[in-house]
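[1] would you be able to build a 3D model of this:
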Amino acid sequence: MRAVVKFIKWLLGLVILALVALFAWLYFAPPELIRVGSGYSAKIVCSNVFIAGRDANQVLAVDVQSPGHPLLRLMKVSVDKERGLVSAGLLWVLGKSVAVERDGVGCASVPDGDTGKARRTSLRAAASALAQEDAFWPDGERVDPSQNPEVAKIVDDSAMAGPGMRAIVVVKNGRVVAERYGDGFSAKTPLLGWSMTKTVNAAIVGTLVRGGKLALDNKGLFTSWKADGRAAISLADMMAMSSGLEFNEDYGDVADVTRMLYLEPDMAGFAEAKPLTGEVGKVFSYSSGTAVMLSRLWQDAIGDKPKALAWPRTALFEPLGMHSAVLETDEQGTFVGSSYLYATAHDWARFGQFLLQGGTWNGNQILPAGFVDWMREPAPASKVYGKGQLWIEGPGDEDKPGAGAAVGLPKDAVWMEGHDGQTVAIIPSEQLVVVRLGLTPAKLGYRPQTMVGALVKALH
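    Prediction:
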């Protein structure tokens, strides 16, 4: 009997020792997967609390959980509103990550823990004139709904709107004719566009092209590239996602894209160091790293850091009346032009209308004449992606040229697309822009083309 008790004690001690060793390992040298999860949790909560004014617990329970990874269920967050700081970790303490809020440029992940460095990036701009609430959109926020019962039926149809819908805005002939919002969201809620940010970033590049500070045929874009085959990569190759650079855009676990967003303090530097794996200009490879490098390039073209930080606002957002728009930077101060623009649905619609109008607003030519037409042209290495970070086919049809016609979409329809169901459909021939924002993972199979096609028919 004594031997049995002794063995049980020995076994229990061994289990306790193993648990202590496991905890110590996870605490002092957490696997990258845990750090990606905590970095994602801290960043998403930070931005939604400080930009969108949402409840941290709701964001943690809904938004953070949306990828469905079991580790995310164990993430806990702490929010310090006075210091503009959010920390997150597995069970609070394991693989801990932080994100900080800065004036004018939103939240940044701080993978190396240097919050002081991250806080040095801020934008203290003079207050702009806000849109007049009683003026009709786009000059203000007032909406004149369509009296067409078919339009109301379409946007009220839950199957058309899709699961997790947070906002729908329909613009016809330059006026908002219908809008709907999910529970807890409104016309005043800034929402994350994810990869729709890439198209906005491309337009910012266009403002520098118009000013003569960038040219689409520029090569030798980074100093480190000039000594090898990457010297042949042009700005146009980057815009068309045809640089030939290695970059894994698979969002499962730890890929290049998740490593860049949540483990790298210098996102552009990480992407810049990637080697060539394909022929420049000949191979299409969708890459968030490319979009962040484009941000670095246009910021460098401006030169002056405060002026560069203010550029999205002064050159684009304020002229368009996108007063809610916040484009976030990484820890180093480079705009995350791949992923991190928050704006209300009305402001996303303003940008869609801006593209529909060929890059003009209130009679002012903001982008070079013909630049938006160029953005819409098929990339040389792709039949479904445009030269300027626009999709020619909608979600789920990215490998099916011409698929939009099957649901009644005109041939000139183009799309801005973002992770988890963010879309802006732009159809110049119908003078139609349709914004659809939500939390709708791709695994649910939702395709907004059906709703947009029905709206084209109802509003024709």
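
[2] tell me where the stretch 251-400 of the chain has strands.
    Secondary structure of the stretch 251-400 of the chain (DSSP state E, counting those that start in this stretch): strands located at 326-327, 341-343, 360-361, 364-365.

[3] which secondary structure elements does the first one contact?
    Read that as strand 326-327. When contacts are defined as 3 or more Cβ pairs under 8 Å, 6 or more residues apart in numbering; DSSP states H and E, strand 326-327 packs onto strand 341-343. Placement of C-beta: from N, CA and C, glycine included.

[4] where does the most centrally placed residue in the chain land on pLDDT?
    Taking Cα atoms, centre = their mean, the centroid of the chain lies closest to W194, which sits 2.0 Å from it. We have a pLDDT of 98 for W194.

[5] how much space between it and D256?
    As for W194, its distance to D256 is 16 Å (criterion: Cβ to Cβ, to the nearest Å).

[6] then P275?
    Using Cβ to Cβ, one gets 12 Å for the distance from P275 to D256.

[7] so the closest residue to I233 other than its chain neighbours: helix, strand or coil?
    Beyond its immediate neighbours in the sequence, the residue positioned closest to I233 (Cβ to Cβ, 6 or more residues apart in numbering) is S243, lying 4.9 Å away. Under DSSP: H, G, I helix; E, B strand; the rest coil, S243 falls in the coil class.

[8] residue contacts, S243?
    Contacts for S243 (Cβ atoms under 8 Å, 6 or more residues apart in numbering) come out as R230, I233, D237, V280, S285, S287, T290.

[9] which of these fall within helices?
    D237, T290 (DSSP state H).

[10] from the contacts of S243, which is closest to M160?
    Compare each of those with M160 using Cβ to Cβ and the shortest gap goes to S287, at 32.0 Å.

[11] so what's the closest one up against?
    Contacts were defined as Cβ under 8 Å, 6+ apart; by that measure S287 touches M241, S243, L245, F247, E249, A271.

[12] what of R376?
    If you count contacts by Cβ under 8 Å, 6+ apart, then R376 has G386, K387, G388, L390, I392, D412, V414 around it.

[13] count the neighbours of the nearest residue to E32 once chain neighbours are set aside for me.
    Ranked by Cβ to Cβ, 6+ apart and with sequence neighbours excluded, the top spatial neighbour of E32 is V254, at 4.8 Å. By other Cβ atoms under 10 Å, the residues close to V254 number 18.

[14] equivalent analysis for Q147, please.
    In terms of burial, Q147 registers 8 neighbours under the definition other Cβ under 10 Å.

[15] again, but for D103
    Here the neighbour count serves as a burial measure; for D103 (other Cβ under 10 Å) it reads 12.

[16] in what helix or strand does the residue nearest to M451 when sequence neighbours are not counted lie?
    With Cβ to Cβ, 6+ apart as the criterion, M451 has its nearest non-adjacent residue at 4.2 Å, and that residue is M160. When secondary structure is defined using DSSP states H and E, the element that contains M160 is helix 158-161.

[17] give the buried residues for that helix.
    Applying a neighbour-count criterion of 16 or more other Cβ atoms under 10 Å, one finds M160, A161 buried in helix 158-161.

[18] how is the chain carved up into domains?
    Listed domain ranges for the chain are 32-113, 191-459 (source: automatic domain parsing).

[19] K172: which of these is closest?
    Closest among the domains of the chain, once you apply Cβ to Cβ, is domain 191-459, at 5.2 Å.

[20] show me how far that closest one is from its chain's centre.
    Remark: domain 191-459 is offset 9 Å from the chain centroid, using Cα atoms, centre = their mean, to the nearest Å.

[21] give me the distance between the two termini of that domain.
    From the first residue to the last, domain 191-459 extends over 26 Å; the measure is Cα to Cα, to the nearest Å.

[22] with stretch 103-114 instead?
    End-to-end span of stretch 103-114 (Cα to Cα): 17 Å.

[23] and the next helix or strand past the worst-scoring helix or strand of the chain on mean pLDDT?
    Counting by mean pLDDT, DSSP states H and E, the weakest-scoring helix or strand in the chain turns out to be helix 2-28, with a mean of 67. Once the chain leaves helix 2-28, the next helix or strand it forms, by DSSP H and E, is helix 32-50.
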